[in-house]
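Pasting the sequence and the predicted coordinates here, then a few questions.
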Amino acid sequence: MSRLPEAAVTRRGRLNYGKRSVKEENRQTGGLGEVLPPLSAHEARVEAYRCLYCYDAPCTHACPTHIDVPGFIKKIATGNLRGSARTIMEANILGATCARVCPVEELCEGACVLNAEGRPIMIGRLQRHATDHLFERGIRLFRPGRPTGRRVAVVGAGPAGLACAAELGRLGHAVTLFEKRPLPGGLSTYGIIVLREPVEVALAEAEMIAELGVDIRTDTELGRDVTLEALREEYDAVFLGIGLGGSPDLGIPGEELVEDGLAWIERSKFEPEKMTVGDEVYVIGAGNTAIDAATIARRLGAERVTILYRRSEREMPAYRHEYAFARKEGIDFRFLTQPVRILATDGRITGIECVRMRLGKADASGRAAPEPVSGSEFTLPADQVIKAIGQKKPELLADLGLATEKGYVRVDEAYRTSIEKVYAGGDCIRAVGAASTVMAVQDGKLAARAIDADLGLATAAAAE
């Protein structure tokens, strides 16, 4: 039976999934432990009893993976946590992660009919209650399927790749999962702050998927250690869950002194005790990653943390509930502000030169385009600057020869790319719509079923 790479097993064992209290977690991580404590058994039962168990439930329709929400909640109400977790994970194998990182306010909880009373069911926390029950006890619900003799390569051990590998393993295919980083999990491991998801949650899910017979090979990068051509020759199908690229450049003088937001978050997950934070910290960008980066700086002791955004509050890409959370954390916002230069003395940041902006006509994103106001330059004192302005389009595509759409991998309704036997899903295909963990999970699940169907057709044709 496959296992996680040794580095992941060591890390997983040291963190001891689910056994630390929130207070203890915060002591260990410098105030960066999970924000929400787990529900007690009594609290979960009481909350589950509030559910109306709607017929044709809007919460289920709002979930991209279509979890039977009333079904899993009813099982919690009856004390059947194992059955509740099965209901969740049949639809979403990464249910423990999504219980923590999904924007439930925009999805299932946002669709709850009890919003009319101002108290929607705490669907995310109930989902966490059920899935944590399994992982804390080492319960395994799923087994590898009967071997089909077909082999599939999955590239990228983020949510899309893990979900695809898990579904293929349950269907009986032999899966090899290639991941360029030392640990599997993608952004769940490296890019989501501990306040939402500790590392051990992502690794526990990866370990469960490895036990479905999936061979996870880390430190193995497409284009460096393996080629797409070689994978196509060796395997019956290839799934690409390669995510997006690194952070784009700001394109301003002094940028070399600016810290990358995703790297900042990664350090907070693996070595928070080694991090230093300034007194006057500025974060450039106003998406969810920017708010996460600002929250870390604030909780690590920065006297003032300010987010700079070139558009207005109305256009900011962060979820509204994330914006409200940041405000409660004491984070300031300066809208219609564009940094144009990082000021420094002897290699140390001393300030940011900015220009005020005004909004013009809508651009390709559909939002009002910011334009600089002539003569409005001003300087802000600063001693640390972090950028969180999104990620580049997948950088491998030109070398792989895949057809693209707006810089993303182009796929058909069955997740097939322009190259035979090659499929793709997750953030790398998200030319339309917002990228999210739960959407990536659904891509991986549906792509696996499409691969299984295509392999079955190929087998039938060969038999004829």
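Cool, the structure landed. A quick note: this is a predicted structure, and the numbers were derived from the prediction, not measured.

just the strands in the stretch 151-300 of the chain please.
Taking DSSP state E, counting those that start in this stretch, the strands of the stretch 151-300 of the chain run over residues 151-155, 174-178, 215-217, 237-240, 259-260, 280-284.

tell me which residues form a beta bridge with residue 380?
Beta bridges link residue 380 to residue 352 when assigned by DSSP bridges.

my bad, residue 333
So, taking DSSP bridges as the rule, residue 333 has residue 307 as bridge partners.

for it, what are its contacts?
286, 306-307, 309, 313, 326-327 (CB atoms under 8 Å, 6 or more residues apart in numbering). Bear in mind the C-beta positions are built from the backbone N, C-alpha and C, glycine included.

now do 10 Å
Counting by CB atoms under 10 Å, 6 or more residues apart in numbering, residue 333 makes contact with 283, 286, 291, 294, 306-309, 313, 316, 323, 326-327.

Dump the strands of the stretch 151-300 of the chain to a markdown table, plus mean pLDDT.
A markdown table is the format used below for those (pLDDT from 0 to 100):
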| stretch | mean pLDDT |
| --- | --- |
| strand 151-155 | 98 |
| strand 174-178 | 98 |
| strand 215-217 | 98 |
| strand 237-240 | 98 |
| strand 259-260 | 96 |
| strand 280-284 | 98 |
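
Go through those strands and pick out the most buried.
Here the criterion is mean neighbour count by mean count of other CB atoms under 10 Å, and of those the winner is strand 237-240, at a mean of 28.

Direction included, what does it pair against?
In the sheet, strand 237-240 lines up with strand 151-155 (parallel), strand 422-424 (parallel) (DSSP bridges).

Give the buried residues for stretch 117-131.
Counting neighbours by 16 or more other CB atoms under 10 Å, one finds that the buried residues in stretch 117-131 are 120-131.

what about it, distance to the chain center?
A distance of 20 Å separates the centroid of the chain from that of stretch 117-131, by CA atoms, centre = their mean, to the nearest Å.

Ends of it, what's the gap?
28 Å (CA to CA, to the nearest Å).

quick one: average pLDDT of that stretch?
The average of the pLDDT scores along stretch 117-131 is 96.

Make a markdown table from the strands of the stretch 151-300 of the chain and add distance to residue 97 to it.
As requested, those are exported to a markdown table (distance: least, CB to CB, whole Å):
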| stretch | distance to residue 97 |
| --- | --- |
| strand 151-155 | 17 |
| strand 174-178 | 16 |
| strand 215-217 | 16 |
| strand 237-240 | 19 |
| strand 259-260 | 23 |
| strand 280-284 | 25 |
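
Relative to residue 135, which of these is closest?
strand 215-217 (17.5 Å; CB to CB).

and the closest one, what other elements does it pack with?
In terms of contacts (3 or more CB pairs under 10 Å, 6 or more residues apart in numbering; DSSP states H and E), strand 215-217 is packed against strand 151-155, helix 159-170, strand 174-178, helix 199-210.

Relative to the whole chain's centre, how far out is it?
20 Å.

Any chance you could list what contacts it?
By CB under 10 Å, 6+ apart, strand 215-217 touches 2-5, 8, 153-154, 157, 161-162, 165, 169, 174-179, 183-184, 206-207, 209-210, 225-226.

try it again with 6 Å
2, 176-178, 184, 210 (CB atoms under 6 Å, 6 or more residues apart in numbering).

That one pairs with which strands?
By DSSP bridges, strand 215-217 pairs with strand 174-178 (parallel).

ok, the contacts of strand 215-217 vs residue 414, which is closest?
For these, the nearest to residue 414 is residue 177 (20.7 Å; CB to CB).

In JSON lines: the strands paired with strand 237-240, plus distance to residue 436.
Below are those laid out as JSON lines (distance: least, CB to CB, whole Å):
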{"stretch": "strand 151-155", "distance to residue 436": "20"}
{"stretch": "strand 422-424", "distance to residue 436": "17"}
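
Could you check the angle the longest helix along the chain makes with strand 151-155?
Ranked by number of residues, the top helix in the chain under DSSP state H is helix 437-463. Relative orientation of helix 437-463 versus strand 151-155 (axes from the mean of the first three to the mean of the last three CA atoms, to 10 degrees): 150 degrees.

Which strands and helices lie in contact with helix 437-463?
helix 95-101, helix 159-170 (3 or more CB pairs under 6 Å, 6 or more residues apart in numbering; DSSP states H and E).

buried ones in that helix?
Buried positions in helix 437-463, judged by neighbour count with 16+ other CB under 10 Å: 437-452, 454-455.

any idea of the angle that helix forms with helix 159-170?
40 degrees.

pLDDT (mean, whole number) over helix 437-463?
pLDDT averaged over helix 437-463 gives 87.

before we move on, which element is residue 71 in?
helix 69-77 (DSSP states H and E).

Just checking the distance from that helix to the centre of its chain.
25 Å.

ok, now which ones touch residue 432?
Neighbours of residue 432 in contact, by CB under 6 Å, 6+ apart: none.

Let's see that with 10 Å instead.
Taking CB under 10 Å, 6+ apart as the criterion, residue 432 is in contact with 405-406, 408.

what's the pLDDT at it?
80.

re earlier: who wins for proximity to residue 270 among the strands of the stretch 151-300 of the chain?
So among the strands of the stretch 151-300 of the chain, strand 259-260 is nearest, using CB to CB, at 14.8 Å.

in its sheet, what does that closest one sit against?
Assessed with DSSP bridges, strand 259-260 is paired to strand 384-387 (parallel).

Report the next helix or strand after the partner strand in sequence order.
Next element after strand 384-387 (DSSP H and E): helix 397-400.

what's in contact with the helix or strand following that next one?
Sequence order places strand 404-405 as the next helix or strand after helix 397-400, per DSSP H and E. Strand 404-405 is contacted from outside by 393-394, 397-398, 410-411, 417-418, 428-429, 431-432, using CB under 10 Å, 6+ apart.

which strands and helices sit next to the next helix or strand along the chain from strand 404-405?
Heading C-terminal from strand 404-405, the first helix or strand you meet, by DSSP H and E, is strand 408-409. Counting by 3+ CB pairs under 10 Å, 6+ apart, the packing neighbours recorded for strand 408-409 are helix 397-400, strand 422-424.

what about this structure, any weak spots by pLDDT?
1-30, 458-464 (pLDDT under 70).

domains for it, by residue range?
34-137, 151-245+393-463, 255-387 (automatic domain parsing).

Now render those domains as TSV, adding distance to residue 144.
Formatted as TSV, the domains of the chain follow (distance: least, CB to CB, whole Å):
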stretch	distance to residue 144
domain 34-137	13
domain 151-245+393-463	4
domain 255-387	31
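
Deepest in the core, which of those domains is it.
For the domains of the chain, average neighbour numbers computed from mean count of other CB under 10 Å are highest in domain 151-245+393-463, which has a mean of 21.

one step back: which pair in the contacts of strand 404-405 spans the largest distance?
Across these, the longest distance by CB to CB is 21.2 Å; it joins 398 and 432.

In JSON lines, list the helices and strands packed on helix 437-463 along with distance to residue 65.
Formatted as JSON lines, the helices and strands packed on helix 437-463 follow (distance: least, CB to CB, whole Å):
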{"stretch": "helix 95-101", "distance to residue 65": "8"}
{"stretch": "helix 159-170", "distance to residue 65": "9"}
